[in-house]
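Chemist: Generate coordinates for the sequence data below:
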Amino acid sequence: MPPPAASLAAARHLFRRFRRSRRGTAAVEFALVAPLFFALLFAVIETAIVFFASQVLETVIQDAARQVLTGQAQTAGYTDATKFRNGVICQTSNVVNVLFDCANGIYVDVQSYPSFTNVPAITNPIDGSGNFTPGVLGYNPGGSCDTVVARIFYQWPLFVTGLGYNISNLTGNKRLLVATAAFRNEPYNGACP
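Modeler: Just a heads-up that it's a prediction; the model follows:
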């Protein structure tokens, strides 16, 4: 058995050699920083995608509102929300069909009122438990010179919520995207009363 002084000297020599060696430091540093880096990267990407999808919905509602505003939706025979969604909203651009499940995921609500003062307060479609409760959705585009509020809803799935960044406002790791347009129809049937 070697004397204790020799064992201690060997241990010191081994420690000095280990301390001087710089091989593998980059891998160790990357292993320490990588989880935070990737979590931040994925959070930024997901936020950008949600923002992009929200902007697409805003563009879609403005295009659909134009159809109602000019009377084209009323004269084209869109008699309910499903026909309006399939004929106007889902046909607006190819981006809609790529980003959203148009047939099952987009909810449409179009209501008309005699004037802006008659528009009731718009209620929050998310209940206290975080569930989407749209209430009574309908399709009433009104007539010439009516005030119309058109809204579309989509429940966007989120994926990065497990990394500590959670922008969901619905249960099931989803974010409710809402786009709204309020306008007065043009006098397409003649002058306004």
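
Chemist: Just the strands from the protein, written as ranges.
Modeler: Remark: strands assigned in the chain by DSSP state E are 107-113, 147-157, 174-184.

Chemist: Export those strands as TSV, with columns for distance to Val33, mean pLDDT and mean neighbour count.
Modeler: (C-beta placed from N, C-alpha, C; glycine too.) Below are the strands of the chain laid out as TSV (distance: least, C-beta to C-beta, whole Å; pLDDT from 0 to 100; neighbours: other C-beta atoms under 10 Å):
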stretch	distance to Val33	mean pLDDT	mean neighbour count
strand 107-113	43	92	21
strand 147-157	29	93	20
strand 174-184	29	94	18
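
Chemist: closest one to Leu137 among these?
Modeler: Closest approach to Leu137 among the strands of the chain (C-beta to C-beta): strand 107-113, 4.4 Å.

Chemist: got a pLDDT number for the residue nearest to Phe42 when sequence neighbours are not counted?
Modeler: Distance criterion C-beta to C-beta, 6 or more residues apart in numbering; nearest residue to Phe42, sequence neighbours excluded, is Val160 at 4.8 Å. With respect to pLDDT, Val160 scores 81.

Chemist: so Val160 touches Ala43, yeah?
Modeler: Yes: when contacts are counted by C-beta atoms under 8 Å, Val160 is listed as touching Ala43 (5.3 Å).

Chemist: between those two, who's got more neighbours?
Modeler: Regarding Val160 and Ala43, a neighbour count based on other C-beta atoms under 10 Å identifies Val160 as having more, with 20 against 17.

Chemist: show me the contacts for the more buried one.
Modeler: Ala39, Phe42, Ala43, Ile45, Glu46 (C-beta atoms under 8 Å, 6 or more residues apart in numbering).

Chemist: Out of those, which one has the lowest pLDDT?
Modeler: Across those, the bottom pLDDT score, 85, is held by Ala39.
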